[in-house]
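S.K.: sequence-free structure coming up:
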């Protein structure tokens, strides 16, 4: 009986040890994003959804990770990555300036940039944005584009919501915004209209963002991005969210 109890104790210890290892071996990745950018990334109730969310979550699920998502301010994204509060970011445009501080995956989508104005203060063409007061979200590609416009007075906002409010009240002349996002704002703000496309001489598209030194993980992510492209899954998500 003593021998039986000893064997039982050993087996129970092995079983519990195995359970503990299973939990500790679970791969968790902390993903940071800004869920104020429909249809890329936004909240439906308390649940985050959107094109970038579907793409990025799918990639890391395929790589065997459990996902922990944190919604934060746009300007806080790269600092959070650099300080280790998150492991990756859902997506940013890989500009030369950002590449000094972080690394990027291959691009998983290439979009377009649009200028919008108020019908009460119409602007005929994108060329007429010269010397105008232009609102953009702080730290975005649109900020860079606005600053490249001759004589532009660039007004920075923490989110596009503030910029839209000021455009509606004619405190600014125009906004530069992602073409995929502008439909949501134009639909909810009938006084606003599209001027046209702003030429983007920066690195186009969006990619997943990593802290420096994650080459092995980036390579794995790039393989998953290519798989989604080859299978047509990425095109399906583009059609779902952008109707292209």
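M.R.: Here it is on my side, so go on. Please read all numbers here as calculations on a predicted model, not as lab measurements.
S.K.: counting contacts, what elements does the helix or strand containing residue 177 pack onto?
M.R.: Under the criterion DSSP states H and E, the helix or strand holding residue 177 is strand 174-178. Contacts defined by 3 or more C-beta pairs under 8 Å, 6 or more residues apart in numbering; DSSP states H and E place strand 174-178 against strand 113-118, strand 133-137, helix 141-147, helix 160-168. No exception for glycine: its C-beta is placed from N, CA and C like everyone else's.
S.K.: which non-adjacent residue is nearest residue 185?
M.R.: Excluding its sequence neighbours, the residue lying closest to residue 185 (C-beta to C-beta, 6 or more residues apart in numbering) is residue 164, at 5.6 Å.
S.K.: Measure how buried the one you found is and give me the count.
M.R.: Neighbouring residues of residue 164 were enumerated by other C-beta atoms under 10 Å; the total is 21.
S.K.: Surely it and residue 175 touch.
M.R.: Yes: under the criterion of C-beta atoms under 8 Å, residue 164 makes contact with residue 175 at 7.0 Å.
S.K.: circling back to that earlier point, look up how far residue 157 lies from the residue nearest to residue 185.
M.R.: Here residue 164 is placed at a distance of 9 Å from residue 157 (C-beta to C-beta, to the nearest Å).
S.K.: Tell me which residue is most central in the protein.
M.R.: Central residue of the chain (C-alpha atoms, centre = their mean): residue 91, 3.4 Å from the mean position.
S.K.: Next up, the contacts around it.
M.R.: Listed by C-beta atoms under 8 Å, 6 or more residues apart in numbering, the contact set of residue 91 reads 33, 40, 41, 52, 55, 56, 108, 109, 206, 207, 208, 209.
S.K.: Can you pull the phi/psi pair for it?
M.R.: When quoted as degrees, to the nearest 10, the phi and psi of residue 91 stand at phi 180, psi 130.
S.K.: need the helices for the protein, in chain order.
M.R.: Secondary structure of the chain (DSSP state H): helices at 2-24, 51-62, 77-82, 96-99, 141-147, 160-168, 179-188, 215-231, 233-242.
S.K.: Pipe the ones you listed into JSON lines and attach distance to residue 134 and mean pLDDT per row.
M.R.: Below are the helices of the chain laid out as JSON lines (distance: least, C-beta to C-beta, whole Å; pLDDT from 0 to 100):
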{"stretch": "helix 2-24", "distance to residue 134": "51", "mean pLDDT": "47"}
{"stretch": "helix 51-62", "distance to residue 134": "25", "mean pLDDT": "96"}
{"stretch": "helix 77-82", "distance to residue 134": "22", "mean pLDDT": "95"}
{"stretch": "helix 96-99", "distance to residue 134": "19", "mean pLDDT": "89"}
{"stretch": "helix 141-147", "distance to residue 134": "5", "mean pLDDT": "87"}
{"stretch": "helix 160-168", "distance to residue 134": "9", "mean pLDDT": "92"}
{"stretch": "helix 179-188", "distance to residue 134": "14", "mean pLDDT": "81"}
{"stretch": "helix 215-231", "distance to residue 134": "33", "mean pLDDT": "96"}
{"stretch": "helix 233-242", "distance to residue 134": "24", "mean pLDDT": "88"}
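S.K.: Quick one: closest of those to residue 45.
M.R.: Relative to residue 45, the nearest member of the helices of the chain by C-beta to C-beta is helix 51-62, separated by 14.0 Å.
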